[in-house]
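# Sequence first, then the predicted structure, then my questions.
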Amino acid sequence: MTDNGVVTYRVCVICTGNICRSPMLEFLLREAFDREGLSDAVTVDSAGTSSEESGNAADDRTLDVLQRNGHDDWGRAAHRARRIEKDWLAERDLVLAADSGHLRALQRLAGGSPEHIRLIRSFDPAAVEAGELDVDDPWYAWNDKAFDRTYEEMQAAVPGIVEHVKAELAQRSRTV
């Protein structure tokens with residue numbers, strides 16, 4: 001609970017290096033929660049399963065695809081890649097893994113399969129129906145088309161994530 005009585009819900013987005021997929025969704029979710037009037041109640045951050053990119057900015061191609069699609073700057077200058085720490089899992093209400101490899105790594109780190117650790121695309125009904133729950137990694141493709149596809153996959157999951165968080169917040173407000 002924040003000082004002003006608003007329930008704070010923490011979301012963390014995870015990919016490998018925290019320079020492509022996870023900052024992309026972090027920025028998209030910040031924007032979506034702001035549009036819903038929830039920016040005071042929901043905080044979003046991101047991290048990687050690897051420390052290889054620690055300290056680096058988000059990949060320019062990630063930021064370019066967001067700009068091409070008309071999104072505001074939700075942290076371009078401030079973002080620095082970092083690796084997730086075990087204790088963060090208990091501090092976050094929803095941890096979103098980019099793919100099944102990240103999901104397994106997070107479950108190992110957590111020592112089980114907590115319900116609050118989910119695949120990003122599990123919030124996209126079309127992806128669930130198609131059985132395609134991994135977000136493609138655009139980094140190795142070295143072209144805009146791969147980043148456009150990743151953007152589309154992320155965008156398709158955003159409404160489901162927002163609705164999930166809204167339902168969680170509503171449940172919490174009833175129990176407070």
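On my side now, so go ahead. Everything numeric here is computed off the predicted structure, so don't read it as measured data.
# Which strands and helices lie in contact with the top helix by length along the chain?
Counting residues, the longest helix found in the chain (DSSP state H) is helix 144-175. Under the contact criterion of 3 or more CB pairs under 8 Å, 6 or more residues apart in numbering; DSSP states H and E, helix 144-175 touches strand 9-15, helix 21-35, helix 60-68, strand 94-97, helix 125-130. Every residue, glycine included, has its C-beta placed from N, CA and C.
# That one: how far from the chain's middle?
Offset of helix 144-175 from its chain centre (CA atoms, centre = their mean, to the nearest Å): 8 Å.
# buried residues in it?
Neighbour counts using 16 or more other CB atoms under 10 Å place 146-147, 150-151, 153-158, 160-162, 165-166, 168-169 of helix 144-175 among the buried residues.
# Can you check what angle separates that helix from helix 60-68?
For helix 144-175 against helix 60-68, the angle by axes from the mean of the first three to the mean of the last three CA atoms, to 10 degrees is 70 degrees.
# tell me the mean pLDDT for stretch 145-153?
Across stretch 145-153, pLDDT averages out at 96.
# meant to ask about stretch 31-43, not that
96.
# what sits up against it?
2, 4, 6-11, 29-30, 44, 71-72, 74, 158-159, 161-162, 165-166, 169 (CB atoms under 8 Å, 6 or more residues apart in numbering).
# One more: stretch 72-80?
Stretch 72-80 is contacted from outside by 23, 26-27, 30-31, 46, 54-58, 63, using CB under 8 Å, 6+ apart.
# try it again with 10 Å
Stretch 72-80 is contacted from outside by 18-19, 22-23, 26-31, 34, 44-46, 53-58, 60, 62-63, 66-67, using CB atoms under 10 Å, 6 or more residues apart in numbering.
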